[in-house]
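Q: okay, here's the prediction I keep looking at, along with the sequence it came from:
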Amino acid sequence: MTQHFIVIGNPIAHSKSPEIHTLFAAQTGLKISYQRQYCPDDVASFTAVIEAFFHGGGVGANVTVPFKQMAYECCAARGGLSEHAKIAGAVNTLLLNNALLKNGTPIAEAIYGDNTDGQGLVNHITSLNWPLKDARVAIIGAGGAARGVILPLIEAGISELTLANRTLSKVTDLVNELSAASETIANQQIKTCSTEALSGAFDIIINATSIGLSGDTLPLNDALSCGYAYDMMYGRALPFLQHFAKRGAQTSDGYGMLIGQAALSFERWTGHKVDVAQVIDSL
Ligand code: NDP
């Protein structure tokens, strides 16, 4: 039987998710249909789309820009949220909460939200054989992407975490908020600073800003160095990676994170694990 999936976004034509999930299905021998779903940018349209999808027998949906926070609010009021979605404040994966369905909860009230973005990054870094256990890590950025990777990185066993951002208050507010929401995060010492003040030697520095979209460059301190530099952006030359590659660091863009988060959604929906490296190679 064909299992149905969608990715909801606005715009959505550029999404690579259908290709990625089709390769997962080929790998696992499952019969799936995975479609792009455009949605007007308002709550009424978004809830109508997800309710119609799950009422029609849909198994799972991915949520992309600009709906991740809206999906979080919808699931918080309906079928619930995973721990990672709660901390991220955003949902990228929708499914039905089977425990609620068994209790007779209507489908529309059983829509559940997870967030696989952060674990997708951790899995990609692990697959690159970059050391995460006891690593000194710096993240630049304080938006949704940075927020979603903090808990998975701490769970992966890093030893030190520094968060830097252009607007310093955003990063200090973020640490206060997440420390209040999660004991694991509260138990981790997290330093904060402005991007230009970020200095010293780190094992891994992660660019979680959207600066790559503009072609501008981050004001990086001369006294900042790392063994490994990761940029969550992908699909273009990234000055952040060029900067550290010139200084001898190993580098990666965020394409593997994209595939990694998709693989975790697929596993959540179907129970099947996929070989992410094989899919990165084929794409
Ligand atoms: P947000 O809009 O939520 O946050 C943007 C962040 O970038 C803020 O910290 C902002 O700083 C900073 N920023 C933006 N422009 C500049 C600039 N010119 N100079 C310095 N800092 C700047 O974006 P997201 O967190 O959702 O996404 C961040 C990036 O991560 C995007 O490029 C996105 O494509 C990528 N991403 C990749 C994924 C993947 O699977 N590979 C998954 C999710 C995201 P300030 O607070 O000062 O405004």
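A: Looks like it came in fine. In this text, all values refer to a predicted model and were calculated from it rather than measured experimentally.
Q: only C-alpha atoms from now on, for both contacts and neighbour counts.
A: OK.
Q: near the ligand, which residues of this structure?
A: The chain has residues 117, 141-146, 165-167, 170, 208-211, 218, 232-233, 254-255, 257-258 near the ligand, with proximity defined as Cα under 6 Å from any ligand atom.
Q: quick one: which of the residues you listed sit in helices?
A: D117, G144, A145, A146, K170, Y255, M257, L258 (DSSP state H).
Q: so which of the residues you listed wins on neighbours?
A: If you count neighbours using other Cα atoms under 10 Å, the busiest of those is D117, which has 29 neighbours.
Q: so what's it up against?
A: Taking Cα atoms under 8 Å, 6 or more residues apart in numbering, we find D117 in contact with N92, A145, G148, V149, M257, L258, G260, Q261.
Q: redo that, cut-off 6 Å
A: By Cα atoms under 6 Å, 6 or more residues apart in numbering, the contact set of D117 is Q261.
Q: again with T22
A: Residues counted as contacts of T22 (Cα under 6 Å, 6+ apart): none.
Q: buried stuff in the strand or helix carrying it?
A: Element membership for T22, per DSSP states H and E: helix 17-28. For helix 17-28, the buried set under the neighbour-count rule, 16 or more other Cα atoms under 10 Å, comprises S17, P18, I20, H21, T22, L23, F24, A25.
Q: can you pull the pLDDT of the residue nearest the centre of the chain?
A: With distances taken as Cα atoms, centre = their mean, the residue of the chain nearest its centroid is D117 (1.8 Å). We have a pLDDT of 95 for D117.
Q: got it, and the one 5 residues further on?
A: In the prediction, the pLDDT value recorded for V122 is 98.
Q: equivalent analysis for D216, please.
A: 85.
Q: burial count for it?
A: Close neighbours of D216, defined as other Cα under 10 Å, add up to 12.
Q: confirm it sits in a helix?
A: No. Applying DSSP: H, G, I helix; E, B strand; the rest coil, one finds D216 to be coil, outside a helix.
Q: and the one helix or strand in the chain whose mean pLDDT sits lowest, which residues are buried?
A: None of the helices or strands of the chain scores lower by mean pLDDT, DSSP states H and E than helix 276-282, at a mean of 92. Using 16+ other Cα under 10 Å as the test for burial, helix 276-282 gives V276, V279.
Q: use 31 as the first number for this chain going forward.
A: All right, first residue 31 from here; so that's helix 306-312.
Q: thinking again about what came up before, of the ones in helices among the residues of the chain next to the ligand, which one scores lowest on pLDDT?
A: Ranked by pLDDT, these bottom out at G174, which has 87.
Q: so how far is the least confident helix or strand of the chain from its chain's centroid?
A: Distance, stretch centre to chain centre, for helix 306-312: 18 Å (Cα atoms, centre = their mean, to the nearest Å).
Q: can you tell me which helices and strands it packs against?
A: The helices and strands touching helix 306-312, judged by 3 or more Cα pairs under 6 Å, 6 or more residues apart in numbering; DSSP states H and E, number zero.
Q: quick one: mean pLDDT for stretch 234-242?
A: The predicted model gives stretch 234-242 an average pLDDT of 94.
Q: so I184, which of the three states?
A: With three-state DSSP as the basis, I184 sits in helix.
Q: roughly how far apart are it and the ligand?
A: In this view, I184 and the ligand are 18 Å apart by Cα to the nearest ligand atom, to the nearest Å.
Q: what is the neighbour count of that residue?
A: By the criterion of other Cα under 10 Å, I184 has 22 neighbours.
Q: now do G245
A: 12.
Q: with P41 instead?
A: Counted with other Cα under 10 Å, P41 comes out at 16.
Q: you'd agree it is in a helix?
A: No. Per three-state DSSP, P41 lies outside any helix segment and is coil.
Q: how about it: what's its closest non-neighbour residue?
A: Nearest non-adjacent residue to P41, counting by Cα to Cα, 6 or more residues apart in numbering: Y68, 6.7 Å away.
Q: same check, this time on C256
A: C256 sits nearest to F232 (Cα to Cα, 6+ apart), 4.7 Å away.
Q: quick check: phi and psi at the one you found.
A: Phi and psi for F232, reported as degrees, to the nearest 10, are phi -120, psi 160.
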